[in-house]
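Asker: next come a sequence and a model predicted from it.
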Amino acid sequence: MNQHTRFNLPICLAVEEDAFFHSDEIIRRYIPDIIGKKTLVISEEFLIGIYKEKITDISRDFGNAEIYAMGSASFDEAVSIAKKVCIEDIKVIIGIGGGRVLDTAKYAAHISKAVYICMPTSLSNDSLASPFAVLETEGSARKTLDCKIPTAIIVDTNMIINAPETQTLSGIGDTIAKHTALYDWKLSAARTGSQVDDFAYALSRMSYDSVYHCDEQDMKSRVFIRILSRALVMGGLAMEIAGSSRPCSGSEHLFAHAIEEYYPEIKISHGLAVALGSVPACIFQGQDPSGMISFFAAHNLVIDPKAYGITEDMFADMWEKARTVRAGRITILDDVKHDRVQLNEIYARMTEGK
């Protein structure tokens, strides 16, 4: 960090085959001073069962670290873990899992001021490197909380190859949505007289471009996994540099939040929800969504709302509610009227996939 900046960057980003089996060597290479310090490994019960050998091996490599099975991805759980870390003088937290685990571990490390090592088992969104954690508060309600980004990020390409395809598709959706998010960020800056951070903007655009223009389309290839890993990390760093989620979150994310808050019965991942939202957002912004639709089709990422149980009426209501879910966040939705005829046309276009 220099005198003109207020952001932090990870010391290590390793994307390697079998990285989980030599994570201690990676950490020794980049952050040798934490080797030997008391460590807590956080995951979920079912993941500990599935990846028992790898998680046990990681625990052994870090001084027979305690393996902690978290109960929920909630604020209370994160605070409880942070309390344990402080009382037991734990200096390092390793989060192993998907977004639920990583956000909980990240926030617990932030509160307790422990070193945080992020080890994702899937690439479902850009939260693995973001300065935010989304945690449950009361009931189904969730809140986005500021926190410190990871000190190290270790991606095992073999783990990602074997992860459910829908999780990788979710990560692709979250990356491609940066196209409309960046448009909305510039719109908001022009409207409010605020500044778009050029470096944050460039990182987010590079994240999008690296996946959108990638010649390798096999999601199981190590080349694609490396590209997607770095793209998601670049998105997180863009948010850290900007000091907000604006480089990665626009009207398409408001649509996803509307689903999460008002239609919890719709079972769709965050990344796939923002992918659905990015097509109408593109149209609202006056941009041609054809390339985006073709990209999604090439990767078998389904953008038919019906496939997720979203009816025409629900689709229209989601966009109406999207205007209200994040008060004060300026997007293209502030400029377009709620036109049911247009929304029906967009819905039909998405169900036809063209």
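Answerer: Received it, and whenever you're ready, just let me know what you need.

Asker: show me where the protein has strands.
Answerer: Per DSSP state E, the chain has strands spanning 12-16, 39-43, 66-69, 92-97, 115-120, 132-136, 142-146, 152-156. These are given in chain order.

Asker: give me the below-cutoff pLDDT ranges for the protein.
Answerer: Within the chain, the stretches falling below the threshold (pLDDT under 70) are 1-5, 140.

Asker: how many neighbouring residues does the closest residue in space to Glu312 that isn't next to it in sequence have?
Answerer: If you skip the residues right next to it in sequence, Glu312 has Tyr347 as its closest partner in space, 5.2 Å away by C-beta to C-beta, 6 or more residues apart in numbering. From N, CA and C alone the C-beta is placed, and that goes for glycine too. Summarising burial for Tyr347: neighbours were counted as other C-beta atoms under 10 Å, giving 22.

Asker: what about the helices in the stretch 151-300 of the chain?
Answerer: Defined through DSSP state H, counting those that start in this stretch, the helices belonging to the stretch 151-300 of the chain, from first to last, are 157-161, 165-176, 178-192, 198-212, 222-242, 251-262, 270-284, 290-298.

Asker: and among those helices, the most buried is which?
Answerer: When the helices of the stretch 151-300 of the chain are scored by mean count of other C-beta atoms under 10 Å, the highest mean neighbour count falls to helix 270-284 (a mean of 26).

Asker: identify the residues contacting Ala316.
Answerer: Residues in contact with Ala316, defined by C-beta atoms under 8 Å, 6 or more residues apart in numbering, are His338, Arg340, Leu343, Asn344, Tyr347.

Asker: out of those residues, who has the most neighbours?
Answerer: Tyr347 (22 neighbours).

Asker: and that one, what is it in contact with?
Answerer: Taking C-beta under 8 Å, 6+ apart, one finds Pro305, Glu312, Phe315, Ala316 in contact with Tyr347.

Asker: cool, Val155 as well?
Answerer: Leu13, Ala14, Val15, Glu16, Ala19, Met119, Pro120, Leu123, Ile225, Ser229.

Asker: just send those back as TSV, with distance to Ile111 too.
Answerer: As requested, the contacts of Val155 are arranged in TSV below (distance: C-beta to C-beta, whole Å):
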residue	distance to Ile111
Leu13	24
Ala14	26
Val15	28
Glu16	30
Ala19	27
Met119	20
Pro120	21
Leu123	26
Ile225	31
Ser229	27
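
Asker: let me know the closest of those to Glu66.
Answerer: Taking C-beta to C-beta as the measure, Glu66 sits nearest to Met119 out of the contacts of Val155, at 15.8 Å.

Asker: that closest one bridge partners, please.
Answerer: Counting by DSSP bridges, Met119 is bridged to Ile96.

Asker: make sure it is actually in contact with Asp24.
Answerer: No: judged on C-beta atoms under 8 Å, Met119 makes no contact with Asp24 at a distance of 11.9 Å.

Asker: looking at the contacts of Ala316, which are in helices?
Answerer: When helices are assigned by DSSP state H, the members of the contacts of Ala316 inside them are Arg340, Leu343, Asn344, Tyr347.

Asker: out of the contacts of Val155, which are buried?
Answerer: Applying a neighbour-count criterion of 16 or more other C-beta atoms under 10 Å, the buried members of those are Leu13, Ala14, Val15, Glu16, Ala19, Met119, Pro120, Leu123, Ile225, Ser229.

Asker: closest one of the ones in helices among the contacts of Ala316 to Ala238?
Answerer: Checking the ones in helices among the contacts of Ala316 against Ala238 with C-beta to C-beta, the nearest one is Leu343 at 30.2 Å.

Asker: among the helices of the stretch 151-300 of the chain, which comes closest to Asp61?
Answerer: Each of those has some distance to Asp61 by C-beta to C-beta; the shortest is helix 157-161, at 16.0 Å.
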